[in-house]
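**Student:** Please find the sequence and the predicted model below.
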Amino acid sequence: EPEVTQTPSHQVTQMGQEVILRCVPISNHLYFYWYRQILGQKVEFLVSFYNNEISEKSEIFDDQFSVERPDGSNFTLKIRSTKLEDSAMYFCASSEAEYYGYTFGSGTRLTVV
Amino acid sequence: AQKITQTQPGMFVQEKEAVTLDCTYDTSDQSYGLFWYKQPSSGEMIFLIYQGSYDEQNATEGRYSLNFQKARKSANLVISASQLGDSAMYFCAMRENSGSARQLTFGSGTQLTVLP
């Protein structure tokens, strides 16, 4: 069964460093998303991406965050200058069409120290 | 106001018994979708079941069924014949289909423990 692949599964970074979280969505999917889950809390929407541009973003997704689809297969989330409170599980998800279901990746656990 | 409310932070069920996990939602949209996801301790999000607001029949997927009561704005997940592997966190989520937003809004989750 097709799956969304996220790498790395776990990343530890120093506060203030830049991190790039990578995702390979399902190949025929057109809509891409990033979600965040701080430990023990609910899953929160960060950003959606369609047709090579951001279609929606939450208030969490401030100027330190950016997304890119650099080569038609990867979908990346960059955090420019990490803070301790960025420590969370980050999920990538993709969807074939606008009202279809979502497939989530296994997540990247980001720890900022 | 919370868009998705899961009032049971933790639930216990005996193996082979059925269990209902509660979810209520709040939206003024006529068109929306309701989802349930399972998150085991390993962390991944596993899709379980989907109910569209215009679907007249309750969704079922194997041992999972969704008790959709539109007037009450509830979308409870029923797991029949619980198994030890069902122990996990369960999230209810909603997608509102109006405007440009297509993202999911999640509830706070219910931690289900299946007892042998």
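**Tutor:** Thanks, I have the structure now. Numbering: from 1, shown residues only, chains lettered A, B, ... in the order given.

**Student:** Per-residue pLDDT of the residue nearest to B:D86 when sequence neighbours are not counted, please?
**Tutor:** Closest residue to B:D86 apart from its sequence neighbours, by Cβ to Cβ, 6 or more residues apart in numbering or on different chains: B:V114 at 5.1 Å. To be clear about C-beta, it is placed using only N, CA and C from the backbone, and glycine gets the same treatment. B:V114 is assigned a pLDDT of 98 by the prediction.

**Student:** again, but for A:E98
**Tutor:** 69.

**Student:** so the residue nearest to B:D86 touches B:K16, yeah?
**Tutor:** No. Between B:V114 and B:K16 there is no contact under Cβ atoms under 8 Å: 9.1 Å.

**Student:** who touches both of those two?
**Tutor:** Common contacts of B:V114 and B:K16 (Cβ atoms under 8 Å, 6 or more residues apart in numbering or on different chains): B:S82.

**Student:** Would you mind naming what in chain B lies close to chain A?
**Tutor:** B:33, B:35, B:37, B:42-47, B:50, B:91, B:93, B:95, B:97, B:100-109 (Cβ under 8 Å from any Cβ of the partner chain).

**Student:** out of those residues, which are buried?
**Tutor:** Buried subset of these (neighbour count, 16 or more other Cβ atoms under 10 Å in any protein chain shown): B:33, B:35, B:37, B:43-45, B:47, B:50, B:91, B:93, B:95, B:97, B:101-109.

**Student:** strand partners of the one helix or strand B:A93 maps to, parallel vs antiparallel please.
**Tutor:** B:A93 is part of strand B:88-96 when elements are defined by DSSP states H and E. Strand B:88-96 sits in its sheet next to strand B:32-39 (antiparallel), strand B:105-106 (antiparallel), strand B:110-115 (antiparallel), going by DSSP bridges.
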